[in-house]
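[1] Turn this into a model:
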Amino acid sequence: MNDLALLLTSEGRALLDEVRDTDPARELAVATRLRREHPAELVSAALGQARLRQRAVVKFGAEDAERMFFTPNGVEQSTRASVAAYRARRFAELGVTSVADLCCGIGGDAIALARAGIRVLAVDRDPVTAAAARANADALGLADLIEVREADVTEVDTAGYDAVFVDPARRGGRGRIFDPEAYSPPLSWAVSAARRAPRAAALKIAPGVPHEAVPEDAEAEWISDGGDVKEAVLWFGTEPGAVRATLLPGPRTLLSRGLPDPDVRPPGRYLYEPDGAVIRAHLVAEVARELDGGLLDATIAYVTSDALRPTPYATAYEITDHLPFNVKKLKALLREREVGNLTVKKRGSAVEPEELRKKVKPQGPHAATVFLTRVAGAPAMLIGHPCAGRRGDSHSSRI
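    Model (predicted):
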């Protein structure tokens with residue numbers, strides 16, 4: 001709290017500008033020089049905030065991150081700006097003009113809501129976090145739309161707001177919390193608060209939440225950004241029982257049609273790797289239907305087809321080889337084709353990419369992708385390459 005107060009002074013703001021681009025490797029030398037002219041406590045606070053701002057660029061973009069104030073937990077747990085902006089648009093499209101943002105953190109969602117023209121009450125019980133949210137609203141020129149309140153969210157009256165957004169804490173002293181009732185506040189409390197909202201509500205939850213934990217009167221949405229699954233959201237006041245996967249940028253949204261599981265088929269010419277949000281939302285069947293495809297294995301989310309069809313919901317690969325799992329055969333094939341740039345993807349395999357690296361030692365000018373998976377229950381290797389113009393996926397290991 002004292003660090004933030006120091007940084008909000010004119011001297012603190014000037015020092016933040018001075019250390020903005022400090023290389024972490026040079027921090028000691030910079031700190032030594034600055035302490036000749038500034039209090040040691042202020043110098044430490046400025047350099048620490050500069051590190052946090054550098055980390056925050058990936059979530060908030062350089063322009064905002066360089067003006068905002070962060071805590072270590074705030075950088076780690078705040079919503080990515082692109083996801084927050086998408087959710088704010090959904091609220092606006094629902095006719096929402098005011099939102100009670102409960103467990104607001106350093107204000108990432110409140111900022112997006114205010115930029116969508118929505119009045120926000122941002123609440124957090126941690127005094128440092130609430131102070132950072134207040135400073136961020138001011139720094140970004142949104143203080144007229146964002147009221148920050150330090151309070152226990154379970155004691156806040158939200159009756160004067162169209163909608164409620166709750167982002168419960170999902171980390172404890174021992175790391176991530178997987179039981180929704182162990183969230184702070186518990187998911188059951190958040191659901192009750194959502195049901196009382198006059199127009200709409202959204203609850204941010206972990207993407208690994210069991211589908212059976214989704215209330216019957218809620219819509220469940222899984223969101224990915226650039227191929228990385230970021231969160232799941234329970235919506236109230238929208239489409240009860242609906243399930244959707246939303247991919248950013250875009251957005252592109254795939255809705256559940258309640259299709260049966262696809263048939264298992266022998267590997268075709270193309271393999272499709274569904275986006276993580278599609279997999280989490282249990283919508284692989286919808287993608288397979290769109291592609292006239294089937295599954296390589298009943299328990300593996302790889303779709304196979306003989307047709308190459310454009311889809312935003314999966315990455316397409318042309319498969320050149322299908323072999324039973326055998327490291328020696330893979331090594332020989334890669335050597336024969338002079339493959340040095342090898343992307344290893346695994347699903348349903350116990351083999352680790354780094355373990356494979358040591359054994360196959362790829363060398364050469366060419367590139368390939370190997371899938372370690374199961375085909376109709378048997379360990380298998382499928383070798384191919386991404387189809388031109390098809391979206392890539394960050395869940396891979398390059399060796």
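[2] before we move on, what SS does the closest residue to G250 other than its chain neighbours have?
    Computed as CB to CB, 6 or more residues apart in numbering, the closest residue to G250 that is not its neighbour in sequence is P312, at 7.1 Å. Every residue, glycine included, has its C-beta placed from N, CA and C. Three-state assignment for P312 (DSSP: H, G, I helix; E, B strand; the rest coil): coil.
[3] So what touches stretch 25-38?
    E11, L15, E18, V19, T22, V43, S44, A46, L47 (CB atoms under 8 Å, 6 or more residues apart in numbering).
[4] If we use 10 Å, what do you get?
    Contacts to stretch 25-38, defined as CB atoms under 10 Å, 6 or more residues apart in numbering, come from residues 6, 11-12, 14-15, 18-19, 22-24, 40-44, 46-48, 50-51.
[5] and the residue nearest to G250, how many neighbours?
    16 (other CB atoms under 10 Å).
[6] What of V164?
    28.
[7] helices and strands around the helix or strand where it lies, which ones?
    Here V164, judged by DSSP states H and E, is contained in strand 163-166. If you count contacts as 3 or more CB pairs under 10 Å, 6 or more residues apart in numbering; DSSP states H and E, strand 163-166 packs onto helix 81-93, strand 98-102, helix 108-115, strand 119-124, helix 187-195, strand 200-205, strand 228-236.
[8] Mind doing that once more with 6 Å?
    Applying 3 or more CB pairs under 6 Å, 6 or more residues apart in numbering; DSSP states H and E, one finds that strand 163-166 makes contact with strand 98-102, helix 187-195, strand 200-205.
[9] and after the host helix or strand of A316, which helix or strand comes next?
    Using DSSP H and E, A316 maps to strand 314-324. The helix or strand immediately downstream of strand 314-324 is helix 327-336, counting by DSSP H and E.
[10] hey, C-alpha coordinates of that next one in PDB?
    What follows is helix 327-336, C-alpha atoms only, in PDB (Å, rounded to 0.1, in the frame of the first residue of the first chain):
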ATOM      1  CA  VAL A 327      11.000 -44.600 -32.100                       C
ATOM      2  CA  LYS A 328      13.500 -46.300 -34.300                       C
ATOM      3  CA  LYS A 329      11.200 -46.200 -37.300                       C
ATOM      4  CA  LEU A 330      10.500 -42.500 -36.600                       C
ATOM      5  CA  LYS A 331      14.200 -41.700 -36.400                       C
ATOM      6  CA  ALA A 332      14.900 -43.500 -39.600                       C
ATOM      7  CA  LEU A 333      12.100 -41.700 -41.400                       C
ATOM      8  CA  LEU A 334      13.100 -38.300 -40.200                       C
ATOM      9  CA  ARG A 335      16.700 -38.900 -41.200                       C
ATOM     10  CA  GLU A 336      15.700 -40.100 -44.700                       C
END
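[11] Within the sheet, what are the partner strands of the strand holding V164, with directions?
    strand 98-102 (parallel), strand 200-205 (parallel) (DSSP bridges).
[12] contact partners of it?
    91, 96, 99-102, 158, 190, 193-194, 197, 199-203 (CB atoms under 6 Å, 6 or more residues apart in numbering).
[13] Figure out how far it is from the centre of its chain.
    With CA atoms, centre = their mean, to the nearest Å as the basis, strand 163-166 stands 19 Å off its chain's centre.
[14] Stretch 242-259 too?
    15 Å.
[15] Only the buried residues of that stretch, if you could.
    Judged by neighbour count using 16 or more other CB atoms under 10 Å, the buried positions of stretch 242-259 are V243, R244, A245, T246, L247, L248, L254, S256.
[16] With only the CA atoms kept, save the strand or helix carrying the third one in CSV.
    Here A245 sits within strand 243-248, counting by DSSP H and E. Once side chains and other backbone atoms are set aside, the C-alpha atoms of strand 243-248 remain, and they are given as CSV (Å, rounded to 0.1, in the frame of the first residue of the first chain):
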residue,chain,number,x,y,z
VAL,A,243,-23.0,-24.3,-24.5
ARG,A,244,-20.6,-22.4,-26.7
ALA,A,245,-17.0,-22.1,-27.6
THR,A,246,-15.7,-18.6,-28.5
LEU,A,247,-12.5,-18.0,-30.3
LEU,A,248,-10.6,-14.7,-30.2
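[17] Output the helices and strands packed on strand 163-166 as JSON lines; include the columns distance to L234 and mean neighbour count.
    Shown next, in JSON lines, are those (distance: least, CB to CB, whole Å; neighbours: other CB atoms under 10 Å):
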{"stretch": "strand 98-102", "distance to L234": "14", "mean neighbour count": "26"}
{"stretch": "helix 187-195", "distance to L234": "7", "mean neighbour count": "19"}
{"stretch": "strand 200-205", "distance to L234": "4", "mean neighbour count": "24"}
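[18] got the phi/psi numbers for R309?
    Backbone torsions of R309, given as degrees, to the nearest 10, read phi -130, psi 140.
[19] So what's the residue count around it?
    13.
[20] Filter the contacts of stretch 25-38 down to just the ones in helices.
    Mapping the contacts of stretch 25-38 onto helices (DSSP state H) picks out 6, 11-12, 14-15, 18-19, 40-44, 46-48, 50-51.
[21] my guess is R67 contacts A137, does it?
    No: contact criterion CB atoms under 6 Å: R67 and A137 do not qualify, at 11.4 Å.
[22] ok so, going back, please name whichever of the strands paired with strand 163-166 is nearest to R170.
    strand 200-205 (7.6 Å; CB to CB).
[23] ok, G105 - contacts?
    Per CB under 6 Å, 6+ apart, neighbours of G105: G74, S78.
[24] give me that answer again for 8 Å
    Going by CB under 8 Å, 6+ apart, the list of residues near G105 reads N73, G74, Q77, S78, D124, T129, A133, D167.
[25] just L323 next, same as before
    K329, L330, L333, A380, M381, L382, I383.
[26] quick one on the thing from earlier: what's the strand holding A245 packed up against?
    helix 81-93, strand 219-225, strand 252-255, helix 276-280 (3 or more CB pairs under 8 Å, 6 or more residues apart in numbering; DSSP states H and E).
[27] one more time with 10 Å
    Using 3+ CB pairs under 10 Å, 6+ apart, strand 243-248 sits against helix 81-93, strand 219-225, strand 228-236, strand 252-255, helix 276-280, helix 284-291.
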